[in-house]
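# Got a sequence here, can you build the structure:
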Amino acid sequence: MQVSLLQCQSSRSVPDNLAFIESQLKLLTKKDSAQLVVLPECCLLFGGQESQQLQYATREQDSSLKQDLSQLAIEYQVVLVAGSIPILAEDGRVYNRCYVFNTDGSVLGQYDKLHLFDVEVSDGTKQYRESDAFCPGDRIVVVDTPMGKLGLAICYDIRFADLFRALREAGAEMIALPAAFTKVTGEAHWQVLLQARAIESQCFVFGAAQWGLHNGGSRETWGQSMVVSPWGEVVAQKREGTGWLQADIDLQSVQDIRARMPVMTHNRFVSPQLK
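Residues are numbered from 1 along each chain as shown. So this is what the prediction gives:
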């Protein structure tokens, strides 16, 4: 199967971001079977501060952002891991949500970011407070896709190994990670974390990233979108710039590696159960 990761430089302009994604989808070579496409976190809206996304947070049934992404999956006949968009819950809370759309635009699965990025970073932004805008999700998600079982995580989630272990226990063969890592933390930790999570879970990991200066320099992200094998090998990467990162992968290698090194049956600890 082929997986295509789109590296973006998203801004506060939803129409501009949508137009860029569509321009890139037009470049994809048509395949006989459905392709898996992964977009980065905040693909349609990337503000200077997380709170700026609140004005676009609407209930799921009213979300034009969700509808736009669903339509792209239909038009370009891809299974679309649609990065993340803000969704307003019935109780008034806002989630940073990733949808997976099938080629007919239907929702195969959805995931609300579990771990919120409330940290201090030695960059121009200094302090990040995702909890000022979002509330955390409350469950892990593994989606049945035409390609195989796909676990979902978003950006900061990658620092929590128990989540990836739980995704593996729930049947994941591959894990998509839409992200917008800061330049400082990305340079220090992005690659090693992706490789570690792939090795530990024995899954393919797809890290689709934001890259570069955003909104006149109010934010800077690291980039380096990557496909990492369950053996920890970097299958493909795009260090800088925007556009596609594509790789052909063989899910049979997941089963082969797990058979040769059955770490899950050797593990004497039990991962936390998220309900």
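
# Mind telling me what element the closest residue to Leu213 other than its chain neighbours is part of?
In this structure, Leu213 finds its nearest non-sequential neighbour in Glu220, 5.3 Å apart by Cβ to Cβ, 6 or more residues apart in numbering. Every C-beta, even on glycine, is put in place using the N, C-alpha and C of the backbone. Glu220 is located in strand 219-222, with elements delineated by DSSP states H and E.

# contacting residues around that strand?
The contact list for strand 219-222 (Cβ atoms under 8 Å, 6 or more residues apart in numbering) reads 46, 48, 123-125, 180-183, 185-187, 190, 209-214.

# tell me what the helix or strand that it is followed by is packed against?
Sequence-wise, the next helix or strand downstream of strand 219-222 (DSSP H and E) is strand 225-228. Contacts defined by 3 or more Cβ pairs under 8 Å, 6 or more residues apart in numbering; DSSP states H and E place strand 225-228 against strand 2-7, helix 191-201, strand 204-209, strand 234-238, strand 243-248.

# change it to 10 Å
When contacts are defined as 3 or more Cβ pairs under 10 Å, 6 or more residues apart in numbering; DSSP states H and E, strand 225-228 sits against strand 2-7, strand 174-179, helix 191-201, strand 204-209, strand 234-238, strand 243-248.

# How far off centre is the fifth one?
It stands for strand 234-238. A distance of 16 Å separates the centroid of the chain from that of strand 234-238, by Cα atoms, centre = their mean, to the nearest Å.

# and what of the fourth one?
Here strand 204-209 shows a centroid-to-chain-centroid distance of 7 Å under the convention Cα atoms, centre = their mean.

# strand partners of the next helix-or-strand element following it, parallel vs antiparallel please.
For strand 204-209, the following helix or strand on the C-terminal side (DSSP H and E) is strand 211-214. Using DSSP bridges, the strands paired with strand 211-214 are strand 219-222 (antiparallel).

# Report the secondary structure element holding Arg97.
strand 94-101.

# Who does that strand pair with, and is each partner parallel or antiparallel?
strand 78-81 (antiparallel), strand 85-88 (antiparallel), strand 107-112 (antiparallel).

# Out of these, flag the one nearest Leu72.
Closest approach to Leu72 among those (Cβ to Cβ): strand 78-81, 6.4 Å.

# tell me the mean pLDDT for that closest one?
Mean per-residue pLDDT for strand 78-81: 98.

# How about it, which residues are buried there?
The neighbour-count check on strand 78-81 (16 or more other Cβ atoms under 10 Å) flags Val78, Val79, Leu80, Val81 as buried.

# Quick one: the helices in the stretch 1-150 of the chain, in order.
Secondary structure of the stretch 1-150 of the chain (DSSP state H, counting those that start in this stretch): helices at 14-25, 64-76.

# and of the ones you listed, who's closest to Gly241?
When the helices of the stretch 1-150 of the chain are compared by Cβ to Cβ, helix 14-25 sits nearest Gly241, at 12.1 Å.
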